[in-house]
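[1] predicted model, plus sequence, below.
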Amino acid sequence: MLALGLAATLGACASQEAWETRLDADHPLVGRVWDRNAGAFIDPATLPARLADAEFVLLGEKHDNSDHQRLAARLVGEIAGARSFGTIGFEFLKSDRQAEIDAGARDLGGAFAPYVRIADAARARGARIAALNAPDALVRDVRTKGLDALDDAARRRLALDQPLDPSSEAAIAKDMRDSHCGMLPETAIPGMVAIQRLWDAHMAGQARAAAMLGDRRALLVVGANHARSDRGIPAMLARQAPGTRSLSLAFLEVAKGRDGPADYARNYDAAALPFDFVWFTPRASDGDPCAAFRRPSR
């Protein structure tokens with residue numbers, strides 16, 4: 001009954017969706033939702049019911065695609081209303097600003113501006129806004145000192161007290177090289193790997209702590225790479241609290257000539273898409289993401 005009740009709200013899929021981004025809006029995957037575990041497409045109207053049973057729901061998005069934030073706001077409103085998720089967490093908010101957020105501050109910096117409508121949807125449902133990410137000072141320490149910047153108790157609490165297996169460490173290092181367009185010096189890679197581990201672990205820990213204040217359930221709005229189930233926040237939630245049930249949904253932009261879900265697994269150097277669900281959208285830009293890295297310094 002829940003899925004039927006939400007169909008009127010979420011039933012505008014594929015050709016009926018009012019996309020804000022338009023590049024390749026006619027792509028055959030646009031508007032479709034892939035269920036990785038079922039190996040099939042599903043009706044977007046059923047997503048709230050499918051996601052609402054998890055303790056933690058991760059919505060992975062691309063920060064500069066307004067349709068990702070629009071769809072996330074819609075889902076936040078519907079899922080929070082359906083099953084009383086008491087906490088909505090954001091990657092872009094640093095945990096040392098939680099007091100400002102609790103006091104109702106809305107001017108949280110330009111980077112947060114695209115997410116205001118998600119926050120409004122959360123507050124309309126009575127949900128608490130949680131800051132997930134590590135403070136800048138801690139990130140700087142980890143960049144130079146590695147995870148030794150954390151004390152023993154913090155490493156245990158965040159499940160960072162054990163070294164990564166070599167294959168996982170190599171995979172994260174490759175992600176760092178690729179995401180920086182090969183422009184990072186090799187000497188910077190270990191620090192960036194440590195920061196990536198810190199971010200995922202810290203956001204998992206903050207989500208768990210925030211959820212404990214409410215109904216022990218939380219929705220998290222994060223970059224898609226943090227939502228991947230194999231080594232992102234879901235994996236850290238499972239390490240910190242074995243038995244935790246999390247589900248991840250990624251909003252992914254389509255690309256010309258890639259007409260099946262399996263074609264997008266290579267974006268993540270994976271055999272299959274590392275998310276429970278994927279909602280395909282148009283692209284926001286055809287710009288070269290590496291252009292900024294190639295600009296000469298002044």
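    That came through, no problem. Please read all numbers here as calculations on a predicted model, not as lab measurements. Numbering: from 1, shown residues only.
[2] low pLDDT regions in the stretch 151-298 of the chain?
    In the predicted model of the stretch 151-298 of the chain, residues 214-215, 294-298 satisfy pLDDT under 70.
[3] recalculate using a threshold of 80.
    213-216, 288-289, 291-298 (pLDDT under 80).
[4] tell me where it has strands.
    Ranges of strands within the stretch 151-298 of the chain are 218-223, 246-253, 277-281, based on DSSP state E, counting those that start in this stretch.
[5] want to throw those into TSV with distance to residue 50?
    C-beta: built from backbone N, CA, C; applies to glycine. Output for the strands of the stretch 151-298 of the chain, formatted as TSV (distance: least, Cβ to Cβ, whole Å):
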stretch	distance to residue 50
strand 218-223	14
strand 246-253	8
strand 277-281	7
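[6] which parts of stretch 166-175 are buried?
    By neighbour count on 16 or more other Cβ atoms under 10 Å, the buried set for stretch 166-175 is 171-173, 175.
[7] for stretch 38-47, same thing?
    Residues of stretch 38-47 classed as buried: 44-47 (neighbour count, 16+ other Cβ under 10 Å).
[8] and the buried residues of stretch 166-175, which is closest to residue 198?
    Nearest to residue 198 among those, counting by Cβ to Cβ, is residue 172 at 11.5 Å.
[9] distance of that closest one relative to residue 191?
    From residue 172 across to residue 191, the span is 12 Å (Cβ to Cβ, to the nearest Å).
[10] with residue 201 instead?
    Distance, residue 201 to residue 191, by Cβ to Cβ: 16 Å.
[11] how about residue 48?
    From residue 48 to residue 191 the distance is 40 Å (Cβ to Cβ).
[12] these two: who's more crowded?
    The neighbour comparison of residue 48 against residue 191 (other Cβ atoms under 10 Å) goes to residue 48, with 26 against 18.
[13] isn't the more buried one up against residue 76?
    No. With contact defined as Cβ atoms under 8 Å, residue 48 does not count as touching residue 76 (10.0 Å).
[14] mind listing the helices for the stretch 101-250 of the chain?
    Secondary structure of the stretch 101-250 of the chain (DSSP state H, counting those that start in this stretch): helices at 116-124, 136-145, 152-157, 166-179, 189-212, 224-227, 233-240.
[15] what's the most buried one of these?
    Burial of the helices of the stretch 101-250 of the chain is given as mean neighbour count (mean count of other Cβ atoms under 10 Å); helix 224-227 ranks first at a mean of 24.
[16] so how far is that one from its chain's centroid?
    Distance, stretch centre to chain centre, for helix 224-227: 4 Å (Cα atoms, centre = their mean, to the nearest Å).
[17] could you do stretch 282-296 as well?
    Counting by Cα atoms, centre = their mean, stretch 282-296 is centred 21 Å from the centre of its parent chain.
[18] what residues of it count as buried?
    Residues 282-284 are the ones in stretch 282-296 that count as buried (16+ other Cβ under 10 Å).
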